[in-house]
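*Asks:* mind looking at a prediction? Sequence and model below.
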Amino acid sequence: MKIVRLRTDVVHLPFTPPIVAAIFALHSIDCVLATLETDQGVTGEGLILTVNGRRLSVLHEMVRSLEPLVLGLDPRRGGSLTARAWKDLNFIGYEGVSILGLAALDTALWDLRGKAAGLNVAHLLGAAHDRVRTYASGGLWLGSTIEELQQEAAGFLAQGFRAMKIRLGKPDPAEDIARVRAVRQAIGPEVALMADANQQLFVPQAIRLGRMLEAFDLTWFEEPVICHDHAGEAAVAAALDTPLASGETVWTHRGVKRMLDAHAADVIMPDLQRMGGATEFLKPGHLCEAANVPLSTHLFTEMSLPLLASAANAHYLEHMPWLEPIYGQAVRLDEHGMALVCDAPGWGFSFDQEAVRRLRHKG
């Protein structure tokens with residue numbers, strides 16, 4: 001079997017109303033979909049995304065520019081893609097757009113390899129779990145009132161979730177505390193609750209707010225300070241009883257290793273596209289396991305699920321519903337709110353071609 005073509009589509013998924021977060025308002029996510037076609041009719045699908053259409057055309061061109069690396073490739077030798085890509089990308093570097101472009105192809109290649117073998121990626125890797133804990137991340141945003149937060153939290157419980165995340169970032173820390181208190185009251189003490197500051201605090205602020213939050217038994221306090229300040233993250237983590245989670249904004253397994261070396265977080269949560277795809281994502285998973293650090297995920301719920309299920313140190317899957325319109329289906333939860341690994345080959349989710357046509361970017 002040989003790869004004979006890379007097909008790409010660009011889709012636009014608007015948010016109505018926009019989502020308000022501490023770092024910026026989200027009006028849409030925009031995706032580059034990558035499909036690898038073979039001479040035997042088997043295809044593999046992967047994708048990358050940006051917010052508000054930013055640099056979308058640049059991302060698309062980056063993905064297209066890497067097509068020579070996969071043409072003629074036997075999918076069974078998928079590991080050679082990353083090895084050759086490191087050389088091909090050396091001059092422009094191993095962070096940013098170059099790594100995002102690689103992620104689109106690498107995720108499509110894993111899907112192709114799973115489909116060719118008739119196995120879900122989790123089973124292709126030798127799954128450690130058939131389900132993983134998951135938390136609802138598609139709500140409890142900064143723009144919601146306290147009453148809306150409580151309604152959203154109740155809605156997540158009704159959907160079967162037993163964990164959820166609230167965003168922080170109000171000018172007065174007392175407002176953040178009031179919002180977290182309201183959600184905790186709405187969900188009770190048994191449901192896991194995370195809080196995300198979206199990198200908006202200085203170290204003293206983060207420690208002060210983190211101590212105020214400890215009364216609410218948070219599962220973690222996420223990204224309190226800017227992502228490249230690993231010394232600052234380590235200082236916050238050392239000062240608090242609440243675990244600190246971070247890692248979604250670092251690049252490749254080398255970025256995760258720097259975090260581990262700095263003791264920057266108690267929970268590491270790599271982002272699939274900033275890792276450069278599944279091949280790279282697996283490496284920080286092993287590094288974290290060696291360091292006895294729990295592994296969680298950031299976005300890309302459908303593809304992150306099989307990868308997290310293969311990790312012995314799996315902690316929580318982030319459930320973000322943004323990509324459901326593209327796939328036309330959702331991750332299933334069991335009666336305990338855990339995400340179930342399905343038996344469908346590849347990622348277990350395939351693009352809904354009618355939805356792709358409907359959502360295709362008009363720009």
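*Replies:* Yep, that arrived.

*Asks:* just the pLDDT at residue 82, thanks.
*Replies:* Note on residue 82: pLDDT of 88.

*Asks:* for it, which non-adjacent residue is spatially closest?
*Replies:* Leaving aside its sequence neighbours, residue 82 sits nearest to residue 279 (CB to CB, 6 or more residues apart in numbering; 4.8 Å). Using the backbone N, CA and C atoms, a C-beta is placed for each residue, glycine as well.

*Asks:* next one: residue 272
*Replies:* residue 300 (4.4 Å).

*Asks:* likewise residue 216?
*Replies:* Distance criterion CB to CB, 6+ apart; nearest residue to residue 216, sequence neighbours excluded, is residue 184 at 4.9 Å.

*Asks:* go ahead and confirm the one you found touches residue 193.
*Replies:* Yes: applying CB atoms under 8 Å as the test, residue 184 and residue 193 come out as touching, 6.0 Å apart.

*Asks:* make sure residue 143 is indeed in a strand.
*Replies:* No: secondary structure of residue 143 (DSSP: H, G, I helix; E, B strand; the rest coil): coil, not part of a strand.

*Asks:* thinking again about what came up before, residues in contact with the residue nearest to residue 82?
*Replies:* Residue 279 is in contact with 78-79, 81-82, 106, 110, counting by CB atoms under 8 Å, 6 or more residues apart in numbering.

*Asks:* pick the one among those closest to residue 206.
*Replies:* residue 106 (34.0 Å; CB to CB).

*Asks:* just after the helix or strand harbouring that closest one, pick out the following helix or strand.
*Replies:* Taking DSSP states H and E as the definition, residue 106 sits inside helix 97-117. As assigned by DSSP H and E, the chain's next helix or strand after helix 97-117 is helix 121-125.

*Asks:* output whichever helix or strand comes after that next one in PDB with nothing but the alpha carbons.
*Replies:* Scanning forward in sequence from helix 121-125 by DSSP H and E, the next helix or strand is strand 131-136. Extracted in PDB, the C-alpha atoms of strand 131-136 (Å, rounded to 0.1, in the frame of the first residue of the first chain):
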ATOM      1  CA  ARG A 131     -12.400   4.200  29.100                       C
ATOM      2  CA  VAL A 132     -10.900   7.300  30.600                       C
ATOM      3  CA  ARG A 133     -12.100  10.000  32.900                       C
ATOM      4  CA  THR A 134     -13.300  13.100  31.100                       C
ATOM      5  CA  TYR A 135     -14.300  16.600  32.000                       C
ATOM      6  CA  ALA A 136     -16.700  19.000  30.300                       C
END
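
*Asks:* contacts for strand 131-136?
*Replies:* Here strand 131-136 makes contact (CB under 8 Å, 6+ apart) with 156, 159, 161-165, 192, 194, 219, 301, 305, 308-309, 314-319, 331, 333-334, 337-341.

*Asks:* now do stretch 352-363
*Replies:* Residues outside stretch 352-363 that contact it (CB under 8 Å, 6+ apart) are 9-13, 30, 33, 53, 56, 325-329.

*Asks:* filter those down to the buried ones.
*Replies:* 9-11, 13, 30, 33, 56, 326-327 (16 or more other CB atoms under 10 Å).

*Asks:* what's the farthest-apart pair in the residues you listed?
*Replies:* Going by CB to CB, the pair spanning the buried ones among the contacts of stretch 352-363 furthest: 56 and 327, at 19.8 Å.

*Asks:* next helix or strand past the longest strand belonging to the chain?
*Replies:* What stands out as the longest strand in the chain, according to DSSP state E, is strand 3-20. Next helix or strand after strand 3-20 toward the C-terminus (DSSP H and E): strand 25-38.

*Asks:* and that following strand, what does it pack against?
*Replies:* strand 3-20, strand 43-51, helix 56-65, helix 97-117 (3 or more CB pairs under 8 Å, 6 or more residues apart in numbering; DSSP states H and E).
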